[in-house]
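[1] Take a look and give me a structure for this.
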Amino acid sequence: MQSSAETPAVTVIARAVALALCLGAGSVSAQQSGLTVLPRFAASQSWSDNIGLRVSARDSSLITTLSPGVSLNSNAGRIKGGLNYSLSEILYTGTNRSNQLQHALAASGGAEVLENTLFVDANASISQQALSAFGPQTIDPLPYNPNNSQLSSLTISPSLRGRLNGLASYELRANAGATEVKGSTLGNSTSSGSSLGINGLNTGLLGWNASVSTQQNQARAGVENRSSQMRLGLSYRPDPELQLGLNAGQERSNYLGTGQTRSTSGASANWTPTPRTALAAVWQGHVYGNSHTLSFQHRMARSSWRFSDSQGVSTGSAVAATGLQTNYDLFYLQFASLEPDPVARDVLVRSYLQGLGLSPNATATAGFLTAGPTSQRSQQFAFSLEGLRWTATAMLSQSRTSQLGNSIQVAGDLSKSSSVLQRGMSLNLAYRLTPISSVNISLLQQRSRGDLASQSTSVRSYSANLSSRFGRLTSVSAGVRHSSAEGTAPYRENAILANLVQQF
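    The predicted structure is shown next:
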């Protein structure tokens with residue numbers, strides 16, 4: 001087995017997971033206290049005729065994956081949130097490739113340390129991330145893709161909340177975070193910041209708010225970036241469904257390479273004509289340029305629809321996957337009326353997608369790593385439709401990531417191209433054959449393009465899967481996949497897959 005030292009972020013996250021497991025497993029009355037602990041074990045067997053993802057010298061292999069995991073959900077008491085973690089041992093047969101260990105984690109939650117006063121929020125994730133938009137691309141984050149690496153992130157944010165003589169509420173918040181990419185300095189970064197927000201408690205037509213904040217980001221392969229702002233805002237709510245806002249203030253940042261200060265202003269509108277429909281628009285001026293967000297979502301009994309158009313600055317090191325709609329996002333929205341409780345809805349959505357053989361994390365583009373702040377413009381459209389025995393989902397996305405002003409990217413794709421355009425499409429159709437069995441057919445496509453003709457790659461994948469359940473806690477699936485890529489990293493791959501998941 002291949003052994004390597006874990007990065008500090010992974011070590012911290014792994015210890016947090018272990019602590020959560022001990023606390024959950026050691027509590028006899030976990031269910032009664034609002035804590036749900038669902039251990040599971042997954043085993044998969046797959047065969048690929050091209051694990052090297054090459055045009056020639058194709059190397060086939062049998063791949064065995066053993067994945068113990070756990071899901072934790074807390075919806076009562078002073079600790080609320082959810083955690084989904086698995087540790088996979090990946091074994092290769094018929095090739096000289098070394099075996100691997102792979103973590104996967106999605107966790108978010110909050111704790112009320114002092115009642116109505118001191119809170120701590122935390123988010124952690126471990127996932128597979130594409131290093132370059134122009135390297136070998138795969139629809140799924142395959143462990144044998146040399147262009148993928150493990151990305152770990154952890155953010156902790158304590159806050160103090162209270163009221164000022166019954167006239168306003170306040171929130172004083174700090175944050176600290178770290179992102180690390182295994183085996184690469186590109187993408188490694190730290191961040192810290194603080195903010196103070198005050199909101200008037202007047203419940204009439206007019207309201208007011210004030211805020212000051214500062215944020216620092218340090219990319220290991222780039223330079224340190226800082227920003228600070230102070231704003232005063234007014235809101236107007238002519239009826240319960242509509243709220244309008246204006247703000248003005250001052251902002252300072254060095255995102256353009258040198259520190260600049262200027263006055264800024266912004267406007268916002270939120271309209272929720274029904275509990276199932278929401279429309280929001282935000283425009284804000286900045287030192288480095290204007291930003292905006294336009295979003296629309298609507299759900300019905302058997303469908304959900306989402307659209308968003310946004311432009312702004314990303315200070316993170318992983319571009320792309322952030323903000324994209326997934327199968328999980330779509331059904332989490334659709335099941336809002338069926339299960340209002342967010343923690344119980346999380347369990348319901350994951351179980352539903354597993355029964356259909358749909359990946360909860362499927363997105364339309366895979367993204368890439370950067371070494372500092374970037375300018376991003378993205379549009380996304382996604383919908384889900386559910387019939388009596390069938391379910392269809394579709395996701396379309398487009399994003400353009402550019403160098404910010406005259407700032408220089410010292411590493412990564414944006415050090416070789418002024419911008420990267422990515423487009424993606426995902427189509428899924430699942431049909432329920434029996435109450436416990438279903439078949440799923442998917443078509444996924446991604447395209448990336450830079451300034452030069454040589455900076456272009458695309459991949460298309462077709463797959464079909466049959467899934468079934470044996471009892472309430474056991475599910476199995478089997479399927480086939482064909483992928484083809486063109487451009488800077490062409491290849492052809494065929495694969496056969498089988499998977500078993502046992503919950504306890």
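[2] Next, the contact list for the residue lying farthest from the centre of the chain, please.
    Ranking residues of the chain by C-alpha distance from their mean position (CA atoms, centre = their mean) puts residue 165 at the top, at 39.6 Å. By CB atoms under 8 Å, 6 or more residues apart in numbering, the contact list for residue 165 is empty. Using the backbone N, CA and C atoms, a C-beta is placed for each residue, glycine as well.
[3] Can you tell me how far it is from residue 201?
    Note on residue 165: its distance to residue 201, by CB to CB, to the nearest Å, is 10 Å.
[4] Just the residues contacting stretch 273-287, thanks.
    Residues contacting stretch 273-287 (CB under 8 Å, 6+ apart): 227, 241, 247, 251-253, 255-256, 260-262, 264-272, 290-300, 313, 336-337.
[5] Now the terminal residues of that stretch, how far apart.
    Taking CA to CA, to the nearest Å, the first and last residues of stretch 273-287 lie 34 Å apart.
[6] how about low-confidence regions in the protein?
    Applying pLDDT under 70 to the chain picks out residues 1-33, 316-327, 330, 334, 336-338, 342-344, 354-359, 361-366, 405-408.
[7] Now do the helices in it.
    8-25, 327-334, 342-356 (DSSP state H).
[8] Residue 501 reaches residue 469, doesn't it?
    No. Counting by CB atoms under 8 Å, residue 501 stays clear of residue 469, with 9.5 Å between them.
[9] which neighbours do the two share?
    Here residue 501 and residue 469 have 475, 476 as joint contacts, going by CB under 8 Å, 6+ apart.
[10] show me the contacts for residue 128.
    Neighbouring residues of residue 128 by CB under 8 Å, 6+ apart: 102, 141, 143, 148, 149, 150, 151.
[11] Which phi and psi values does the residue farthest from the centre of the chain adopt?
    The phi/psi pair for residue 165 (degrees, to the nearest 10) reads phi 50, psi 30.
[12] sorry, back to before: who wins on neighbours among the contacts of residue 128?
    residue 151 (26 neighbours; other CB atoms under 10 Å).
[13] So it is in contact with residue 129, correct?
    Yes. Look at residue 151 against residue 129 with CB under 8 Å: they come within range, at 3.9 Å.
[14] gap between stretch 473-482 and the chain center?
    24 Å (CA atoms, centre = their mean, to the nearest Å).
[15] Can you give the contact residues for that stretch?
    Stretch 473-482 is contacted from outside by 354-355, 357, 440, 461-470, 493-504, using CB under 8 Å, 6+ apart.
[16] and that stretch, which residues are buried?
    475, 476, 477, 478, 479, 481 (16 or more other CB atoms under 10 Å).
[17] now do stretch 458-470
    So stretch 458-470, judged by 16+ other CB under 10 Å, has buried residues 458, 459, 460, 461, 463, 465, 466, 467, 468, 469.
[18] Which one of those is nearest to residue 452?
    The closest of the buried residues of stretch 458-470 to residue 452 turns out to be residue 458 (CB to CB; 15.4 Å).
[19] Tell me where the stretch 351-500 of the chain has strands.
    For the stretch 351-500 of the chain, the strands defined by DSSP state E, counting those that start in this stretch cover 368-369, 374-386, 390-403, 419-434, 437-449, 456-470, 474-487, 491-503.
[20] wait, which of the ones you listed is closest to residue 88?
    For residue 88, the closest of these is strand 491-503, at 11.9 Å, according to CB to CB.
[21] Partner strands of that closest one, with direction?
    Within its sheet, strand 491-503 is paired with strand 35-48 (antiparallel), strand 474-487 (antiparallel), according to DSSP bridges.
[22] what would those look like in TSV with distance to residue 55?
    Shown next, in TSV, are the strands paired with strand 491-503 (distance: least, CB to CB, whole Å):
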stretch	distance to residue 55
strand 35-48	15
strand 474-487	10
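[23] hey, what's the residue found closest to residue 202 once you drop the neighbours it is linked to in the chain bridged with?
    Of all residues not flanking residue 202 in the chain, residue 208 sits nearest, at 7.5 Å (CB to CB, 6 or more residues apart in numbering). Taking DSSP bridges as the rule, residue 208 bridges to residue 234.
[24] Next one: residue 208 relative to residue 232, how far apart?
    8 Å.
[25] swap in residue 198?
    To residue 232, residue 198 is 10 Å away according to CB to CB.
[26] Show me whatever sits in contact with both of these two.
    Common neighbours of residue 198 and residue 232 (criterion: CB under 8 Å, 6+ apart): 209, 210.
[27] Just want to know which of the two has more residues nearby.
    Taking neighbours as other CB under 10 Å, residue 198 and residue 232 compare with residue 198 leading, 17 against 13.
[28] Is there a quick PyMOL command that grabs whichever of the contacts of stretch 273-287 are buried?
    Those of the contacts of stretch 273-287 that count as buried under 16+ other CB under 10 Å are selected in PyMOL with:
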select buried, resi 227+247+251+253+255+256+264+266+268+270+291+293+294+295+296+297+298+299+313
